[in-house]
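Novice: Provide a 3D model corresponding to the input given below.
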Amino acid sequence: MKIDGHHEGLNEQLKFFRDDDTSADSHGVVASPWSKETIDKHKKEERERITREMGSPDDLCQIIVEVVDELNGIKLAEQFRDDRKQQLLLKKKIDQAKSMIEDAGHLTKRYVQSIEEWQAAKDGENRQSDEKHLQKFTDAEIARKNSHNALISQLRALIRFVSFNFSRDVSMEALEGWQEDQLERGQEVLQAKRIRFSRRNIILPDSVNIRNRKHITAWAGQISHSLTKIEKLLSRKPESSSNH
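Specialist: Below you'll find the model as predicted:
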(Lines give C-alpha, C1' and ligand atoms only; values in the text may rest on other atoms or scores of the structure.)
Protein backbone atom coordinates (compact mmCIF):
# COMPACT_ATOMS: atom_id res chain seq x y z
CA MET A 1 0.00 0.00 0.00
CA LYS A 2 1.37 3.38 -0.96
CA ILE A 3 1.93 5.68 1.97
CA ASP A 4 0.73 9.21 1.39
CA GLY A 5 3.06 12.19 1.36
CA HIS A 6 2.04 13.23 4.85
CA HIS A 7 3.31 9.96 6.31
CA GLU A 8 6.40 9.99 4.11
CA GLY A 9 7.25 13.36 5.59
CA LEU A 10 6.67 12.01 9.06
CA ASN A 11 8.96 9.05 8.37
CA GLU A 12 11.70 11.42 7.28
CA GLN A 13 11.27 13.42 10.48
CA LEU A 14 11.40 10.22 12.55
CA LYS A 15 14.58 9.15 10.78
CA PHE A 16 16.14 12.51 11.55
CA PHE A 17 15.03 12.28 15.16
CA ARG A 18 16.66 8.87 15.54
CA ASP A 19 19.89 9.32 13.61
CA ASP A 20 20.96 12.94 13.63
CA ASP A 21 22.42 14.15 16.92
CA THR A 22 23.95 17.36 15.60
CA SER A 23 21.22 19.38 17.26
CA ALA A 24 21.78 17.93 20.74
CA ASP A 25 21.96 20.51 23.48
CA SER A 26 24.56 20.65 26.25
CA HIS A 27 22.73 17.86 28.09
CA GLY A 28 22.78 15.56 25.06
CA VAL A 29 19.05 15.96 24.37
CA VAL A 30 18.20 16.01 20.67
CA ALA A 31 15.87 18.78 19.58
CA SER A 32 13.02 17.71 17.31
CA PRO A 33 10.04 19.47 15.77
CA TRP A 34 8.00 16.37 16.73
CA SER A 35 7.08 15.76 20.35
CA LYS A 36 6.57 12.22 21.64
CA GLU A 37 2.86 12.92 21.89
CA THR A 38 2.73 13.98 18.23
CA ILE A 39 4.64 10.90 17.09
CA ASP A 40 2.41 8.61 19.14
CA LYS A 41 -0.66 10.34 17.73
CA HIS A 42 0.48 9.80 14.13
CA LYS A 43 1.32 6.15 14.82
CA LYS A 44 -2.11 5.61 16.35
CA GLU A 45 -3.83 7.29 13.39
CA GLU A 46 -1.90 5.10 10.95
CA ARG A 47 -2.82 1.93 12.86
CA GLU A 48 -6.48 2.97 12.90
CA ARG A 49 -6.44 3.70 9.16
CA ILE A 50 -4.90 0.34 8.31
CA THR A 51 -7.36 -1.49 10.57
CA ARG A 52 -10.34 0.44 9.20
CA GLU A 53 -9.42 -0.36 5.59
CA MET A 54 -9.11 -4.11 6.19
CA GLY A 55 -12.48 -4.45 7.96
CA SER A 56 -13.90 -5.82 11.20
CA PRO A 57 -13.03 -9.20 12.78
CA ASP A 58 -16.30 -10.55 11.36
CA ASP A 59 -15.34 -9.30 7.89
CA LEU A 60 -11.96 -11.04 8.09
CA CYS A 61 -13.53 -14.23 9.41
CA GLN A 62 -15.99 -14.19 6.49
CA ILE A 63 -13.05 -14.11 4.05
CA ILE A 64 -11.77 -17.36 5.55
CA VAL A 65 -15.28 -18.86 5.43
CA GLU A 66 -15.36 -18.05 1.70
CA VAL A 67 -11.89 -19.51 1.11
CA VAL A 68 -12.82 -22.79 2.85
CA ASP A 69 -16.00 -22.98 0.74
CA GLU A 70 -13.95 -22.35 -2.39
CA LEU A 71 -11.47 -25.08 -1.43
CA ASN A 72 -14.24 -27.57 -0.68
CA GLY A 73 -15.79 -26.87 -4.08
CA ILE A 74 -12.66 -27.56 -6.15
CA LYS A 75 -12.97 -30.45 -8.61
CA LEU A 76 -10.58 -32.34 -10.82
CA ALA A 77 -10.10 -31.38 -14.45
CA GLU A 78 -12.64 -33.19 -16.64
CA GLN A 79 -10.24 -35.81 -18.04
CA PHE A 80 -9.10 -36.80 -14.52
CA ARG A 81 -12.51 -37.04 -12.81
CA ASP A 82 -12.38 -40.87 -12.67
CA ASP A 83 -8.69 -41.12 -11.77
CA ARG A 84 -8.59 -42.63 -8.28
CA LYS A 85 -5.05 -41.45 -7.56
CA GLN A 86 -6.02 -37.90 -8.49
CA GLN A 87 -9.17 -38.11 -6.38
CA LEU A 88 -7.11 -39.04 -3.33
CA LEU A 89 -4.49 -36.39 -4.15
CA LEU A 90 -7.19 -33.71 -4.44
CA LYS A 91 -8.57 -34.57 -1.00
CA LYS A 92 -5.05 -34.58 0.44
CA LYS A 93 -4.22 -31.17 -1.04
CA ILE A 94 -7.48 -29.58 0.13
CA ASP A 95 -6.97 -30.97 3.64
CA GLN A 96 -3.39 -29.70 3.60
CA ALA A 97 -4.52 -26.20 2.60
CA LYS A 98 -7.06 -26.10 5.42
CA SER A 99 -4.44 -27.40 7.85
CA MET A 100 -2.14 -24.56 6.79
CA ILE A 101 -4.94 -22.06 7.49
CA GLU A 102 -5.36 -23.62 10.93
CA ASP A 103 -1.60 -23.37 11.55
CA ALA A 104 -1.73 -19.70 10.56
CA GLY A 105 -4.42 -19.27 13.23
CA HIS A 106 -2.21 -20.88 15.89
CA LEU A 107 0.72 -18.65 14.90
CA THR A 108 -1.56 -15.60 14.97
CA LYS A 109 -2.59 -16.43 18.53
CA ARG A 110 1.04 -16.89 19.54
CA TYR A 111 2.02 -13.60 17.91
CA VAL A 112 -0.76 -11.63 19.63
CA GLN A 113 0.26 -13.14 22.97
CA SER A 114 3.88 -12.17 22.32
CA ILE A 115 2.80 -8.57 21.69
CA GLU A 116 0.96 -8.51 25.02
CA GLU A 117 3.98 -9.98 26.83
CA TRP A 118 6.28 -7.48 25.09
CA GLN A 119 4.05 -4.56 26.09
CA ALA A 120 3.96 -5.75 29.71
CA ALA A 121 7.77 -6.10 29.72
CA LYS A 122 8.12 -2.67 28.14
CA ASP A 123 5.91 -1.08 30.78
CA GLY A 124 7.91 -2.83 33.49
CA GLU A 125 11.20 -1.70 31.96
CA ASN A 126 9.96 1.89 31.88
CA ARG A 127 9.18 1.74 35.61
CA GLN A 128 12.29 -0.14 36.66
CA SER A 129 15.48 0.19 34.65
CA ASP A 130 17.50 -2.49 36.47
CA GLU A 131 19.29 -5.22 34.54
CA LYS A 132 16.69 -7.90 35.31
CA HIS A 133 13.83 -5.91 33.78
CA LEU A 134 15.97 -4.86 30.82
CA GLN A 135 16.76 -8.51 30.05
CA LYS A 136 13.08 -9.43 30.36
CA PHE A 137 12.21 -6.71 27.85
CA THR A 138 14.96 -7.85 25.47
CA ASP A 139 13.75 -11.46 25.61
CA ALA A 140 10.16 -10.35 24.98
CA GLU A 141 11.28 -8.23 22.02
CA ILE A 142 13.09 -11.19 20.45
CA ALA A 143 10.10 -13.47 21.02
CA ARG A 144 7.75 -10.91 19.45
CA LYS A 145 9.91 -10.55 16.33
CA ASN A 146 10.35 -14.31 15.99
CA SER A 147 6.63 -14.99 16.24
CA HIS A 148 5.94 -12.19 13.75
CA ASN A 149 8.41 -13.72 11.29
CA ALA A 150 6.90 -17.18 11.79
CA LEU A 151 3.39 -15.87 11.02
CA ILE A 152 4.53 -14.06 7.88
CA SER A 153 6.40 -17.16 6.67
CA GLN A 154 3.30 -19.29 7.23
CA LEU A 155 1.06 -16.87 5.35
CA ARG A 156 3.52 -16.79 2.43
CA ALA A 157 3.69 -20.60 2.37
CA LEU A 158 -0.12 -20.85 2.46
CA ILE A 159 -0.58 -18.38 -0.39
CA ARG A 160 2.05 -20.18 -2.48
CA PHE A 161 0.60 -23.63 -1.80
CA VAL A 162 -2.99 -22.67 -2.62
CA SER A 163 -2.01 -20.60 -5.65
CA PHE A 164 0.14 -23.25 -7.33
CA ASN A 165 -2.22 -26.13 -6.61
CA PHE A 166 -5.60 -24.52 -7.25
CA SER A 167 -5.49 -20.97 -8.61
CA ARG A 168 -5.96 -19.96 -12.24
CA ASP A 169 -4.22 -16.62 -11.63
CA VAL A 170 -0.70 -18.07 -11.62
CA SER A 171 1.21 -17.30 -14.82
CA MET A 172 1.77 -20.23 -17.18
CA GLU A 173 5.53 -19.77 -16.96
CA ALA A 174 5.53 -19.85 -13.16
CA LEU A 175 3.13 -22.81 -13.08
CA GLU A 176 5.21 -24.86 -15.53
CA GLY A 177 8.35 -24.15 -13.51
CA TRP A 178 6.62 -25.25 -10.30
CA GLN A 179 5.25 -28.42 -11.93
CA GLU A 180 8.68 -29.36 -13.27
CA ASP A 181 10.13 -28.87 -9.80
CA GLN A 182 7.43 -31.10 -8.28
CA LEU A 183 8.12 -33.86 -10.80
CA GLU A 184 11.85 -33.64 -10.19
CA ARG A 185 11.16 -34.13 -6.48
CA GLY A 186 9.09 -37.21 -7.27
CA GLN A 187 5.82 -35.47 -6.34
CA GLU A 188 2.68 -36.09 -8.36
CA VAL A 189 1.09 -32.93 -9.74
CA LEU A 190 -2.58 -32.32 -8.94
CA GLN A 191 -4.75 -31.99 -12.05
CA ALA A 192 -7.45 -29.73 -10.60
CA LYS A 193 -9.86 -27.49 -12.44
CA ARG A 194 -8.31 -24.20 -11.41
CA ILE A 195 -10.45 -21.42 -9.97
CA ARG A 196 -10.15 -17.71 -9.31
CA PHE A 197 -10.17 -17.10 -5.57
CA SER A 198 -12.03 -14.11 -4.17
CA ARG A 199 -8.79 -12.51 -2.88
CA ARG A 200 -5.38 -12.48 -4.51
CA ASN A 201 -3.70 -13.29 -1.19
CA ILE A 202 -6.25 -16.00 -0.36
CA ILE A 203 -7.11 -15.38 3.34
CA LEU A 204 -5.91 -11.77 3.48
CA PRO A 205 -8.10 -8.83 2.40
CA ASP A 206 -6.90 -7.00 -0.70
CA SER A 207 -5.96 -3.93 1.37
CA VAL A 208 -3.27 -5.98 3.17
CA ASN A 209 0.24 -5.99 1.72
CA ILE A 210 1.99 -9.10 3.02
CA ARG A 211 5.33 -7.31 2.64
CA ASN A 212 4.18 -4.64 5.11
CA ARG A 213 4.78 -5.83 8.66
CA LYS A 214 2.38 -3.21 10.06
CA HIS A 215 -0.40 -4.64 7.90
CA ILE A 216 0.21 -8.16 9.20
CA THR A 217 0.27 -6.88 12.78
CA ALA A 218 -3.08 -5.13 12.30
CA TRP A 219 -4.58 -8.20 10.56
CA ALA A 220 -3.42 -10.49 13.38
CA GLY A 221 -4.94 -8.20 15.99
CA GLN A 222 -8.30 -8.19 14.20
CA ILE A 223 -8.53 -11.85 13.19
CA SER A 224 -7.48 -12.99 16.67
CA HIS A 225 -11.01 -12.13 17.86
CA SER A 226 -12.44 -14.79 15.49
CA LEU A 227 -9.96 -17.66 15.94
CA THR A 228 -12.36 -19.88 17.90
CA LYS A 229 -14.99 -19.53 15.17
CA ILE A 230 -12.38 -20.30 12.51
CA GLU A 231 -11.19 -23.42 14.36
CA LYS A 232 -14.76 -24.74 14.46
CA LEU A 233 -15.16 -24.00 10.76
CA LEU A 234 -12.00 -25.91 9.84
CA SER A 235 -12.94 -28.91 12.01
CA ARG A 236 -16.25 -29.30 10.18
CA LYS A 237 -16.23 -32.01 7.52
CA PRO A 238 -17.42 -30.91 4.07
CA GLU A 239 -20.31 -32.68 2.38
CA SER A 240 -19.08 -35.56 0.24
CA SER A 241 -19.18 -35.15 -3.49
CA SER A 242 -18.89 -37.77 -6.20
CA ASN A 243 -17.57 -35.13 -8.58
CA HIS A 244 -14.17 -35.05 -6.88
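
Novice: residues of stretch 216-235 that come out buried?
Specialist: 216-224, 226-227, 230, 233 (16 or more other Cβ atoms under 10 Å). Yep, even glycine has a C-beta here, placed from its N, CA and C like the rest.

Novice: Check the offset of stretch 35-45 from the chain's centre.
Specialist: With Cα atoms, centre = their mean, to the nearest Å as the basis, stretch 35-45 stands 25 Å off its chain's centre.

Novice: before we move on, back to that, would TSV of the buried residues of stretch 216-235 with pLDDT, secondary structure and distance to Ile94 be doable?
Specialist: Below are the buried residues of stretch 216-235 laid out as TSV (pLDDT from 0 to 100; DSSP: H, G, I helix; E, B strand; the rest coil; distance: Cβ to Cβ, whole Å):
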residue	pLDDT	secondary structure	distance to Ile94
Ile216	96	helix	25
Thr217	94	helix	30
Ala218	94	helix	29
Trp219	96	helix	24
Ala220	95	helix	25
Gly221	93	helix	29
Gln222	94	helix	26
Ile223	94	helix	21
Ser224	92	helix	25
Ser226	91	helix	22
Leu227	91	helix	21
Ile230	91	helix	16
Leu233	87	helix	14
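
Novice: State the pair within these that is farthest apart.
Specialist: Thr217 and Leu233 (23.6 Å; Cβ to Cβ).

Novice: Next, count neighbours for Lys136.
Specialist: When counting by other Cβ atoms under 10 Å, one arrives at 17 neighbours for Lys136.

Novice: Verify the contact between it and Gly124 for me.
Specialist: Yes - in this structure Lys136 lies within contact range of Gly124 using Cβ atoms under 8 Å: 6.8 Å.

Novice: just for the chain, where's the confidence low?
Specialist: The model of the chain has pLDDT under 70 over residues 1-33, 125-129, 238-244.

Novice: can you list contacts of stretch 130-146?
Specialist: For stretch 130-146, the surrounding residues in contact (Cβ atoms under 8 Å, 6 or more residues apart in numbering) are Tyr111, Ser114, Ile115, Glu117, Trp118, Ala120, Ala121, Lys122, Gly124, Glu125, Arg127.

Novice: Including distance to Glu188 and neighbour count, could those go into CSV?
Specialist: Formatted as CSV, the contacts of stretch 130-146 follow (distance: Cβ to Cβ, whole Å; neighbours: other Cβ atoms under 10 Å):
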residue, distance to Glu188, neighbour count
Tyr111, 34, 24
Ser114, 38, 21
Ile115, 41, 18
Glu117, 43, 17
Trp118, 44, 19
Ala120, 49, 13
Ala121, 48, 21
Lys122, 50, 16
Gly124, 54, 16
Glu125, 53, 19
Arg127, 59, 8
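
Novice: Enumerate every residue touching the spatially closest residue to Asp103 that is not a sequence neighbour.
Specialist: Nearest non-adjacent residue to Asp103, counting by Cβ to Cβ, 6 or more residues apart in numbering: Gln154, 5.9 Å away. By Cβ under 8 Å, 6+ apart, the contact set of Gln154 is Met100, Asp103, Ala104, Leu107.

Novice: Excluding chain neighbours, what is closest to the last one?
Specialist: The reference is to Leu107. Leu151 (4.4 Å).

Novice: separation between the one you found and Thr217?
Specialist: According to Cβ to Cβ, to the nearest Å, Leu151 and Thr217 sit 9 Å apart.

Novice: Ile39 now?
Specialist: From Ile39 to Thr217 the distance is 18 Å (Cβ to Cβ).

Novice: just Ala120 next, same as before
Specialist: 17 Å.

Novice: go on, Ile74?
Specialist: 31 Å.
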